[in-house]
Structures are given as C-alpha cells and as structure tokens.
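S.K.: the following block contains a protein sequence and its predicted model.
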Amino acid sequence: MNISIYKNLEEILMKVKKIIDKEKFDELKGLFEQKAREPQVKVLLYGPYNSGKTTLINALAGEELFKVGPIPETMELQPKSFGEYEIIDSPGFNAPTPEAEELSKKCARWDADLVIIVSSIPYLQDEKLWQECEELLLTGKDVFIVGNMKEEINEQQIEDIKDNVYSKKARIQTKFKKKTGEIYGPYFLNALSAFNARTSRPKKQALEMKSGIQFFQREIQNYVMENKNLSGAITIANNISHYLEDKKEEIIKEVTKNNEHGVTIREAIKKVEGLKKDFEEFIDRMVDSSLKNLEILANKIVWGELNDNDIFKNEIVKEIKNMGRKSNEHFNLLLQNVRYELRTIGVDPLIISHEFEKELQELLHVEDMPAESPNVKNQSSTSKTNDDIYPQREYYSNLSGPSPSIIGPIGISSLLNLKLIENVTELEFKNALTLNKVTSAVGNNTAKKLAIGGAKQSGKLLKITKVAGYALIAITSIWDIKRNYEAMEMERKRIEQEAKKQEKMIQKMRELSEHRKKMESKRRIEYVLLVIKRYYFEILNQIEDKIRDKLSELKNFSEDQQKLLKDISDIESEIQDIMDLIKR
C-alpha cells in the first residue's frame, strides 16, 4: 500500500466532507478505512442472473465452494480469497428479487476493484449488458468481459461474436470524453468444463486447457499484480469522483432551476409594480367620481334644491365607506390575479394583506359615523327652510312697488293711479272743467275749507272762488304727487340698486358656501385617498420586499453554488493528479 497516496486521499476526503451530505461522507470514510486496512484486490463476478458465475468461481478455486444446480442458487454475495485478491460471487442483474439485484449493483459500483461480467454467448450481444458495462466504466471501474460457452459453438460463431463485441467495445471507448475505466477482453471459456477438469481425479489437463480457464486466470493474476498496491486507492478515488460528479450535476441542475426561478421572481417584481400603477389609477378614478358626486350635492344644498339636514356630512361618510369597500375589493381582485404566480416563489400576497386590515379601519375613523345618507324625499316638515337659512329672501318681496314710508302721507291710493300721474301735462293743469270730478277724491280738507271760506266772504264770487280753490287744491295736490313720485322713483331706484348689491352679496355668499363645502369634501376625500394609498401601497411594498428577499436569497445561493462548483473542480484536479501518479 502506498502510504503517501492514501494520505493525500485522506486530505481530499476531509475537503469533500464540506461538500457532500453526511451519509455519503460516512460511506466514503468507511470505504477508505476498509481499503486502508485490507489491501486485497476485490474482484466481483457480475453479469446476467444464471450465466455461470458460481460455476466459474468454483472452477477458479478448483473445488465446489458454492452450490450450483439447474435452478440458480445464488441470492447473496459469496466471497472467496485467492491470496492477493478476493473473488466475490453475486446474483448479478436480472436477479429474481430486487434486493439481490441491488446488492450486486452496489458492490459492482462501490467497493469492487475489478468487475468481471460473465455472460452466456448469446447474451453478449444484448444491449442491457453493454448498458451495465457503460455505467460501470463511468464510475471508473475496470471491466473484464467473459463469454461462458454453456452451449456448443463453432469457431466461426466465436469469431463473429468477437467482432461484434470488439465493435461495441470500440463504440463505448470513443463515446466518453472524460476519463473512464477500461474494458478487457472478451474472454471465452467453458466454466463447467474447467470445473470438471480441475475437480476430476486425476485432473484432466487437456480439458482444462481447452476450457480456457488457465489463460483467463492468468489475466486476473496479471491485473492484480499490476494494481495490488493501488487498486484500493483507485477505487476510493473513483468513488469520491463519482460522488463529486453527482453533486456537480445536482448543483448545475439547481443553478439552472434557480436561473429560471430568478426569471420568475423578476417577472413577479414587474407584476407588483404593474399592480401599483393599476391600483393608483383605480383610486384616482374613484376619487374623481366621489368628488363630482359631492360637488353636485353641495350645489343643490346651497341653491336650495335640498334641505341641509346633515346630508352633506353623511354623504361624505358614505363616499368614504364606499371608497374603502371598493378599494379593498379591487385590491383583492388584483392580488388574486397574481397569487398563483407569487405562491410559486414562496410569497402569498393575501396573507400579507390580511395582516393590515385592522390598521386600515383605525386610519379611516368612520366606524362611529352613519353608514347611509338620509332619504332626501322624506325630510321632516320641521326641517329648516331656505328662508330661515337665508333671511335676505324677504328683500325681494318689496321690490314691486314704492316704499309706503314715502307714498303714504299724500294718500296716493285715494287720488290717482300712479300710471296717470306719470302722464300729467300743463294742458291737464288748466282744464278746470274736470275739477268737480276730482273734489270727491281730494283728501286735503284744510285747503278745501280755506278756499270755500274765502269764497263765502266775497259773496258774488262764491262760484268762482270755489272753483279756484278746488283748482288750487287739485293743482297743489298734483304737483305734490309729482314731486313725491319723483322722490319715490329715486327711492325705488336706490332700493333696486341696493337689492342688486344684496343679490350680488348673496350670490357671493352662496358661492363661498358652495366652495367651502367642496373644499371640505375635497379635504376629507384627499385625506382618505392618502390613507388608502398609504395602506395598500405598504402592502404592495411588503410583497415586493419579500419577493426581493427571495431574489437576494437566490443570488446568495447561486454564489454559494458557484463556489461549490469551483471547490469540486479543484478537488477533481487533485484526484486526477493522484490517478496520474498511480499510473506512473
């Protein structure tokens, strides 16, 4: 045993410990200790079940070590020491039980240093046999191919089979790019004839020579002599390489899968960003709609189309609740659309969303407000009227006529119609013939008495005085009316101007009130908008953060895997150096 090579393998084994799982490391460690302790070369008889393996080991030993018969007997491994090497009989592949077959395969791939595939002549051309041969070569095992001539076969048939086997052997050896085990043979022998020749008394040397057993046994011994000091090290190195190769394939698959997973995660991040844009557009549309509804309501209330009995406040509360409900429905619908994809990367958006529900209720502060607006059509008769709210409406009722405080003292309603007074001319003042029609309407009794008293004193002039007095009274009354009407007109114009000013002021007050209501609704709706955006965008940010965490974990994992691949590559280089040293 080469101590320095085993020492190097032990150091490599400690490096491998950090790469492969504990169970596989323990197997490698056990194999290392076994090979270091038992330097015998292990030779395994392998091949199809009932191909003559037990007969062959008996023939090699020259005695019946293990029972043979028409019905195959071998169901377990049967070792026999031949000095420098140990031959192990096995059930082989295609065994009656899976356990027996698995036992054979494990020994062939694990601790055997040389595998001898024993087959009947016809089966040498079967693809199953060569598939098993390829798998063994890939694990670094050297393989002897043996054709057991259980049937009578002529020389030409043997040559044809040899040509076929050589072509398959050449195909396998050129198929693999990496270093594999080597194929020896094919060897043709008759195991039963060899056994009979060696166990007969006296020995039948001619039969033994013809059976081909001597040549084959020398081939085994030559192989053992060349590899007896290092065959165990080769087996250990091959098994380490095999486990590292498996690990490397596993890592490459994981890296490939992670790269695909990374694409999925990046797509998920884009989808969440799309959700943010979609949801923000939805919120903006909803807010615009709510503000328009509240503006229309504010306009109706201010201009008297509706009685303002807390309608506006209740409507704002209603809009806020509707915004909360619609936002939640739309948001959950968006999450449902991407939930399947996000769950494939380990993020469930609905679970994250449910964690925030209580916070939203606390932020909106609408739990104690009425949920619905009262029915406008069914307002109570005790509700305030618009005249109560806006007493300036009384002003309009006095704009149809002159002020009584101006017209009252001259008794205009008892004298003439205002429209006639407006049309009085100089000619009408001189027309005394109509005075007797006016006397009944004259309200200035003092003037009448003075005029009549003066007429009585003159006697003769009674009729003339009476007429003149009445004329004076009439003219005086008419001119008084005319002067008072002018004053009345001025007052009416002043009142109209004042009314217009009042109307403009009322218009401005109404506009200001409407503006205040609109601003109130806008302020509260915008506050709710900020709350909703903050709430739902916090959920989306949490989802995105978790996705990005997955991406970060994936990146870290990929970096670790790449480091492992480098470590494996370094160890494989060290193993190759040991294999080159063994060959030298």
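M.R.: Yes, it's here.
S.K.: residue 212 contacts residue 189, doesn't it?
M.R.: Yes: judged on CB atoms under 8 Å, residue 212 makes contact with residue 189 at a distance of 3.4 Å. (Glycine included, C-beta is placed from N, CA and C.)
S.K.: where along the protein do the strands fall?
M.R.: Using DSSP state E, the strands found in the chain span residues 41-46, 78-81, 85-89, 114-120, 142-148, 183-189.
S.K.: can you redo those as TSV with mean pLDDT?
M.R.: Formatted as TSV, the strands of the chain follow (pLDDT from 0 to 100):
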stretch	mean pLDDT
strand 41-46	92
strand 78-81	88
strand 85-89	90
strand 114-120	92
strand 142-148	91
strand 183-189	88
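S.K.: deepest of those strands, which one?
M.R.: strand 41-46 (a mean of 26; mean count of other CB atoms under 10 Å).
S.K.: just checking, what packs against that one?
M.R.: helix 53-61, strand 85-89, helix 98-109, strand 114-120, helix 213-227, helix 231-302 (3 or more CB pairs under 8 Å, 6 or more residues apart in numbering; DSSP states H and E).
S.K.: dump the ones you listed into TSV; add distance to residue 200 as well.
M.R.: TSV is the format used below for those (distance: least, CB to CB, whole Å):
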stretch	distance to residue 200
helix 53-61	12
strand 85-89	22
helix 98-109	31
strand 114-120	22
helix 213-227	13
helix 231-302	34
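S.K.: closest to residue 205 out of these?
M.R.: helix 213-227 (9.3 Å; CB to CB).
S.K.: and the closest one, what does it pack against?
M.R.: strand 41-46, helix 53-61, strand 114-120, strand 142-148, strand 183-189, helix 191-199.
S.K.: got the buried residues for that helix?
M.R.: Residues of helix 213-227 classed as buried by neighbour count (16 or more other CB atoms under 10 Å): 213-214, 216, 219-220, 223-224, 227.
S.K.: and the angle for it with helix 53-61?
M.R.: Put simply, helix 213-227 runs at 80 degrees to helix 53-61, going by axes from the mean of the first three to the mean of the last three CA atoms, to 10 degrees.
S.K.: for helix 213-227, the distance to its chain's centre please.
M.R.: Distance of helix 213-227 from the chain centroid (CA atoms, centre = their mean, to the nearest Å) equals 66 Å.
S.K.: go on, stretch 345-361?
M.R.: 13 Å.
S.K.: buried stuff in that stretch?
M.R.: Those would be 345, 347, 349, 352-353, 360, for stretch 345-361 by 16+ other CB under 10 Å.
S.K.: averaged pLDDT, that stretch. What do you get?
M.R.: The pLDDT scores in stretch 345-361 average 77.
S.K.: ok, residues contacting it?
M.R.: Surrounding stretch 345-361, the residues in contact under the criterion CB atoms under 8 Å, 6 or more residues apart in numbering are 261, 264-265, 268, 324, 328, 331-332, 335-336, 338-339, 342, 367, 531-532, 535, 538-539, 542-543, 546-547, 550.
S.K.: again, but for stretch 251-271
M.R.: 338, 341-342, 344-345, 347, 544, 547-548, 550-551, 554-555, 557-558, 561-562, 564-565, 568.
S.K.: what's the neighbour count on residue 550?
M.R.: Using other CB atoms under 10 Å, residue 550 has 20 neighbouring residues.
S.K.: circling back to that earlier point, need the helices and strands packed on helix 213-227 in TSV (columns: distance to residue 7).
M.R.: Formatted as TSV, the helices and strands packed on helix 213-227 follow (distance: least, CB to CB, whole Å):
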stretch	distance to residue 7
strand 41-46	21
helix 53-61	35
strand 114-120	24
strand 142-148	24
strand 183-189	30
helix 191-199	41
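S.K.: pLDDT at residue 480, what is it?
M.R.: Confidence for residue 480, expressed as pLDDT, is 67.
S.K.: for residue 464, that is, sorry about that
M.R.: Residue 464 carries a pLDDT value of 49.
S.K.: kindly report the same for residue 234.
M.R.: In the predicted model, residue 234 carries a pLDDT score of 85.
S.K.: and what of residue 372?
M.R.: So residue 372 comes in at 39 (pLDDT).
S.K.: nearest spatial neighbour of residue 521, chain-adjacent residues omitted?
M.R.: In space, residue 521 comes closest to residue 294 once its chain neighbours are excluded; the distance is 3.9 Å by CB to CB, 6 or more residues apart in numbering.
S.K.: burial count for the one you found?
M.R.: Counted with other CB under 10 Å, residues neighbouring residue 294 total 22.
S.K.: residues touching it, list them.
M.R.: 312, 315-316, 319, 517-518, 521, 525.
S.K.: tell me the contacts of the residue positioned nearest the centre of the chain?
M.R.: Closest to where the C-alpha atoms of the chain average out (CA atoms, centre = their mean) is residue 342, at 3.0 Å. By CB under 8 Å, 6+ apart, the contact set of residue 342 is 268, 271, 348-349, 543, 547.
S.K.: where does pLDDT dip in the stretch 301-450 of the chain?
M.R.: For the stretch 301-450 of the chain, the stretches with pLDDT under 70 are 304, 307-309, 358-450.
S.K.: could you dump the contacts of residue 342 into a markdown table and include distance to residue 83?
M.R.: Output for the contacts of residue 342, formatted as a markdown table (distance: CB to CB, whole Å):
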| residue | distance to residue 83 |
| --- | --- |
| 268 | 67 |
| 271 | 72 |
| 348 | 67 |
| 349 | 72 |
| 543 | 72 |
| 547 | 67 |
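S.K.: mind checking pLDDT for the nearest residue to residue 234 once chain neighbours are set aside?
M.R.: In this structure, residue 234 finds its nearest non-sequential neighbour in residue 582, 6.2 Å apart by CB to CB, 6+ apart. The model reports residue 582 with a pLDDT of 74.
S.K.: so residue 582 makes contact with residue 232?
M.R.: No: using CB under 8 Å, residue 582 makes no contact with residue 232, being 10.8 Å away.
S.K.: which residue packs closest to residue 45, ignoring adjacent ones?
M.R.: Closest to residue 45 by CB to CB, 6+ apart is residue 53, at 4.2 Å.
S.K.: neighbours of residue 492, how many?
M.R.: 17.
S.K.: again with residue 136
M.R.: When neighbours are counted by other CB under 10 Å, residue 136 comes out with 23.
S.K.: just checking, it touches residue 108?
M.R.: Yes: contact criterion CB under 8 Å: residue 136 and residue 108 qualify, at 6.1 Å.
S.K.: anything in contact with each of these two?
M.R.: residue 115.
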